[in-house]
Structure formats: C-alpha cells, structure tokens
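Trainee: sequence-free structure coming up:
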C-alpha cells in the first residue's frame, strides 16, 4: 500500500515538473526554488482541490502582468481534460472581463496558444510542418507565412544597420526636461555630507546627482492583413531589429484581432522565436479591422501609452470594420500618447491620395504620416520621426 | 492539510480582511495566506487606484500588527531606507565630552544604538512581533536600490559596518507595490509572490462603496458604480480608481442627490472633478457622452 502511495506521489511530482516546464517554454521565468515551492505548495494545499492550488501556483509562478493574463489558459490546457470548460470565476477579474468570459471556453487564443516542446514529434517537425501548429487556435492558419526569412542574416543586415543608427539617435535624444535643466551637475549634498563624516567633516569627496534618462517608449502596431502581405514581413523584421536594439519597444500584430508579439520577437533562441510567431499568427493575411484592434489595444494595453510613448502604426488604412470606430479610437489614443506616426507603404506612390475611409478617419490624429515600403523610405520616415519627437 | 481546511482558511482570511474594511476576492486571500506559509514577499501590480497599497494596510489591521511603510522615490538610497547615524547628536556628544574635559571619546559609544536612527527597513527587522512592511512603488527607486532589496528580502539581515550584522528578530510580511514606471528585474520578481490587481468587478466595487459609505441608498450606489465602470471604458488619460469612485460617491451624497438620473447632467457635471483628473479627460466627456453614460447608469 505504502508503495502505491509513493508511486502516485512520484507520478504527481513528474506531472508538476512537466507543468513548470510548459510554463518555462512559454516564457515564464521560474527558478529551481520556485519549482520546489510549487511542489511543496501542492502538499500543503492538497492536490485534489484545484482552486487553491491554481491561485497559489499563479502567485508563485507568475512574475509579471503578462504571465498573469496567460496563466489560467496554460493551467487549463495542461491540467483540464480538453472538453472541460474553464472555470471563469478564477480568472483575473475586473471591468471589461465580462465580455471575454463568454468566449473563454471556445477561444484558445486569448493568452496565445500553448507551446510544448517536450513532445517527441515536435522535434521532427520542420518549421513549415503542421505538427508545430497542432493545438493552436481553430482560426485560419498561416500556410504561406514563412517566418524563416526573419532570421536570414543577409536580408536583415541592412535593416539592422538602419535601425541601429535610429536607435543610437534615440538614445542620444534629449528630452525637453533635460534640455531645460540648468547647465552643469548638481551636488548631491546628502551623499557628500555623509562621505565627509569619514574625513572629519570636510567635504573632500564631492558626489553629484546623476539624472535618470528617460527615453521614449515605442509601441508598434503592425497590420498583417492580406492587403499588407507584401510588406508585412519587412515591418516584422524592422520590429525585431528595433526590439533587439532598444529596451522599451512593444510590438503588436493585428488583422482581425490583436496579438502581442514582443516576447516572441525578442526570444534569443531563433528556432523558438520562429515557432512562437507561427503559433501566434493565426489569421495572418486575413481581413483588417483596424478600429476594433485599436479598441482592443486601448482597452487591454492602454497602460503602455503615456506622455513619453510614441505609437507607430503601420498600415495601408483599409479598414473593413464599422465606420467611426477607428476615428474614435485614434482620438482616444492621441489623447494619451506623446506622438502617433502612421507608416503607409502605399504613400510611396506619388499618385497616392488618402481616400480610404480608415485613413481619412485616422489622419486628423496623426502627427507624422510617412511612406515606408522599402529601406530607403523607411530611413527617411525614421528621420522625420526623430524630428517630431 | 486537506483541501477543505485550506478553503476554510482562505474564507476566514477573506472575512477578517473584510472586517478590517477591505473587500477582496478569494484568490488574493489565498495569496496572502501563502505569504506567511512560504515566508516570501508579495509583489502587487495593477493600475493606479485599484487598492494595491490598501492590501498592506488591511493585512496589518487584520493581523493586528504595526504597518511600516517605505515610500520609494528616485534617488532613494540605503541610508534613507535602512539606517542613518544621528550626526548632530554624535557631534554634540563629542563637544560635551570636550568641554567636560574628557581626554578621549569612546568610539564604540558613538556608534551605538543610541545614535542609530532606524529607517523603515531596519525598523521592520527589529520588531518583536512580525509587522507588515509596505515597500510602496518600488519601481520608482533606482536599480541599485532594487539590488540591495534583494539581499534584505532573501536573508532578512542587514549589515551596519560600525555595528556588525543585524538579523531579523521576526520576519516581516512584505508587500511591494509597483506601477510599472520602470520594468523591475527578474531577480526581484522571482523572489516574490505575484498578484495582479485589476479594476474591481461591478459587484466588488459596489460592495466597497457600500462598506465605506454605509448610508448610501442601494439604487444610488448601483448607479454610481455603473457610471464609474462605464467611464473606465472611455479610454481616459487618467482612469478613475476605486478611491475616485468613493470620493465621487461622497460628493454626490454631500450634495443631497438621491438618484443620478433625477439630478440631471448639469449637477452631475459639477461633481465630476472627483473622477476626472486631467483637462483632456474633462474635455473628452462632452455633454453627449455624459448623457450616454448617465443613461447607461440609470
């Protein structure tokens, strides 16, 4: 009897370790101590009752808001039988959640699909292979999106050079506060006095206040709908180069829905970055609902936007959503953002006129409207962006 | 511990928090229990005004222990947070000794507890009963301070060069809050339990309003909360938090308004300064928008 208990215990521990591994491969940062605590917690709370265990593990294993939002889906997909509906009550509540909870059971994609690497067949699957996409959302998949080109060094070299010069200029950029600051450094009296104690009260060693430098935050909203399919990979490469070069960059893709891809882009393991993007990108090259995607952005990620945020929207402005939404959401965004730039590949054509309804609604709220369909036009657009910052 | 007793413990925690004036969901109560079980600090993130700081206050009230607060700011250093020598008194002691004609001043006496000014962290480590230590807005402090916190929070001991190492007499319950002004390090995040607090649901916010303003009529309370919740969907620059809803409810009560729809938009507009905190937001709530929000709430 005792043996059976031990075996059951070992099996449970292995299964828990598997769960922690799943979380890790989905970008959670979990150390060995947390792993041990997670097992200890299961013994404290008892593994038979799911609810306290879920809450405890969520507090223990999540480290940031992003993890928090995805945890319930990951927990359900690992521990729940596939056809069992997720318990809505345990989800992080709050205003605006009501609408989501209805879809929670059917929609796999709110937190992004689960990525599991430890399955044997995954390793044999080539990036284009279907195995990698099993378990992704039921929505349209991206048969022809070839993310391998993201890692093509030759193609990305020129982009990276351009971005590096942009990044270094952004790092050197002086904010208005820094410009207005009086010349010269200010002495940090408190520290100087404290040091002076060592020398009997004479301030031999002066300490100066070091101003903290606050750089603009970049938020990129990239349209990857069908009408943008020729340039969307170009933008994605630009976004990846930016995300690797600058710290405070947040990248979202949108088509009929919005997806946060910053983490996947920043992933140091190119194989995994590729697969994560592939999993995230259901709906690639589909229709466009710019207005609704912006609304989703404002609602869910509005906290990213503040007086030092520069929002770059890359789109041709063909919006298939209802009229008026895009204008209202742009207005809301422009009230909060420092600057909004709209990069439009179509504008490179000299005959182009902003006639599409979407772009007409958006333009009054845009600080910079630039063409960007090639490296040359992109460099020009980034140059003008630096001027309006 | 069986699952039933755990759930009972969580429910008891929830009730005792409620008794000390803080309405919370069960998951947060579970996390607070876990803090004591694992001896780990808790990092709370969420929008401004959702009640992050209140968690620590309520926890201290519920446990009947003192609350020690360290407010972080840019440039906060170890000496603000941990200890400082009382230089003035030390100098004075030297002068007194000089005038008294003492040949030498005992150095050990100068660097003794008598001249030590305890700042919040040291204060928290030297309490007899484990206190609640609130490290508020930790994202405002610099990276260097965050690195220093790591050491304090994992070993619960500090060293003062002149006196030696001081070990915690009791391990405090530490609550850290962050507004995401700056990204915190993974090292700090990993050492903490994590809880993300979002804006409260309708039911929870209504419960909070009723708890804090017991005199409020049921219908008016519902209207006020509906209005505040609808306002948060408007993409304002500064979203109204729970504290703002409470201020507004108090303002409405103060004006003797018994129902939002009967009071009319003009009188309501006079009170909106409790909810709208920037010029842009005031402008964004045009008469049409206000009418729509009031219609939604009634």
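Mentor: Nice, I can see it. Here the structure is a predicted model, which means the values were calculated and not measured.

Trainee: C-alpha from now on. contacts and neighbour counts both.
Mentor: OK.

Trainee: Share the number of residues neighbouring the residue nearest to residue B:110 when sequence neighbours are not counted, please.
Mentor: Nearest non-adjacent residue to residue B:110, counting by C-alpha to C-alpha, 6 or more residues apart in numbering or on different chains: residue B:90, 6.1 Å away. Close neighbours of residue B:90, defined as other C-alpha atoms under 10 Å in any protein chain shown, add up to 17.

Trainee: all strands of the stretch 151-300 of chain A, in order?
Mentor: A:217-223, A:249-254, A:258-260 (DSSP state E, counting those that start in this stretch).

Trainee: Report how many residues lie close to residue B:161.
Mentor: Neighbours around residue B:161, by other C-alpha under 10 Å: 8.

Trainee: typo on my end, it should be residue A:56
Mentor: Neighbour tally, residue A:56, other C-alpha under 10 Å: 24.

Trainee: for residue B:266, same thing?
Mentor: 10.

Trainee: That one in helix, strand or coil?
Mentor: helix (DSSP: H, G, I helix; E, B strand; the rest coil).

Trainee: Would you mind measuring from it to residue B:143?
Mentor: In this view, residue B:266 and residue B:143 are 48 Å apart by C-alpha to C-alpha, to the nearest Å.

Trainee: Likewise for residue A:326?
Mentor: Residue A:326 is 39 Å from residue B:143, by C-alpha to C-alpha.

Trainee: Which pLDDT value belongs to residue A:311?
Mentor: Per-residue confidence (pLDDT) for residue A:311: 93.

Trainee: now swap in residue A:143 and tell me
Mentor: 32.

Trainee: what helix or strand is the spatially most central residue of chain B on?
Mentor: Centrality entry for chain B: nearest residue to the mean C-alpha point is residue B:53, 1.4 Å, by C-alpha atoms, centre = their mean. Element membership for residue B:53 (DSSP states H and E) is helix B:52-63.

Trainee: ok now that helix, how far from the chain's centre?
Mentor: Relative to the chain's own centre, helix B:52-63 is displaced by 8 Å; criterion: C-alpha atoms, centre = their mean, to the nearest Å.

Trainee: residues of that helix that come out buried?
Mentor: Buried residues in helix B:52-63, counted by 16 or more other C-alpha atoms under 10 Å in any protein chain shown: B:52-53, B:55-62.

Trainee: want to throw those into TSV with distance to chain A and pLDDT?
Mentor: Shown next, in TSV, are the buried residues of helix B:52-63 (distance: C-alpha to the nearest C-alpha, whole Å; pLDDT from 0 to 100):
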residue	distance to chain A	pLDDT
B:52	14	92
B:53	17	92
B:55	15	93
B:56	16	94
B:57	20	94
B:58	19	93
B:59	17	93
B:60	20	94
B:61	22	93
B:62	20	92
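
Trainee: The helix or strand containing the residue nearest to residue B:110: which residues count as buried?
Mentor: Using DSSP H and E, residue B:90 sits in helix B:87-99. By 16+ other C-alpha under 10 Å, the buried positions in helix B:87-99 come out as B:90, B:93-94.

Trainee: what comes into contact with that helix?
Mentor: Helix B:87-99 is contacted from outside by B:104-105, B:110, B:115, using C-alpha atoms under 8 Å, 6 or more residues apart in numbering or on different chains.

Trainee: now it, how far from the centre of its chain.
Mentor: 40 Å.

Trainee: follow-up on the earlier one: if you count surrounding residues, which of residue A:326 and residue B:143 has more?
Mentor: Shown here are residue A:326 and residue B:143; by other C-alpha under 10 Å, residue A:326 has more neighbours (26 against 17).

Trainee: Could you find the closest non-adjacent residue to the more buried one?
Mentor: residue A:291 (3.8 Å).

Trainee: and that neighbour, how many neighbours?
Mentor: 26.

Trainee: same deal with residue A:347?
Mentor: Residue A:347, neighbours per other C-alpha under 10 Å, totals 18.

Trainee: just residue A:300 next, same as before
Mentor: 11.

Trainee: Looking at it now. What's its pLDDT?
Mentor: 85.

Trainee: what residues does the stretch 101-250 of chain B put near chain A?
Mentor: For the stretch 101-250 of chain B, the contact set with chain A under C-alpha under 8 Å from any C-alpha of the partner chain comprises B:186, B:189-190, B:192-202, B:229, B:232-237.

Trainee: Among those, which lie within strands?
Mentor: Under the assignment DSSP state E, these contribute B:193-197 to strands.

Trainee: As CSV, the residues you listed with pLDDT would be great.
Mentor: Below are those laid out as CSV (pLDDT from 0 to 100):
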residue, pLDDT
B:193, 93
B:194, 94
B:195, 94
B:196, 92
B:197, 91
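
Trainee: Selection in ChimeraX covering whichever of these are buried, please.
Mentor: Entered in ChimeraX, the line below selects the buried ones among these, by 16+ other C-alpha under 10 Å:
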select /B:193,194,195,196,197
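
Trainee: Tell me who's in contact with residue B:135.
Mentor: Residue B:135 neighbours (C-alpha under 8 Å, 6+ apart): B:69-72, B:174-177.

Trainee: Of those, which pair is most distant in space?
Mentor: The most widely separated members of these are B:72 and B:174, with 14.1 Å between them, by C-alpha to C-alpha.

Trainee: between those two, which one's more packed in?
Mentor: Shown here are residue B:72 and residue B:174; by other C-alpha under 10 Å, residue B:174 has more neighbours (26 against 21).

Trainee: measure the more buried one to chain A for me?
Mentor: Separation of residue B:174 from chain A (C-alpha to the nearest C-alpha, to the nearest Å) stands at 14 Å.

Trainee: And residue B:79, by the same measure?
Mentor: 9 Å.

Trainee: can you pull the pLDDT of residue A:371?
Mentor: Looking at residue A:371, its pLDDT is 84.

Trainee: Run a quick neighbour tally on it.
Mentor: Neighbours of residue A:371 (other C-alpha under 10 Å): 21.

Trainee: Report the separation between it and residue B:277.
Mentor: From residue A:371 to residue B:277 the distance is 37 Å (C-alpha to C-alpha).

Trainee: One more: residue A:385?
Mentor: From residue A:385 to residue B:277 the distance is 30 Å (C-alpha to C-alpha).
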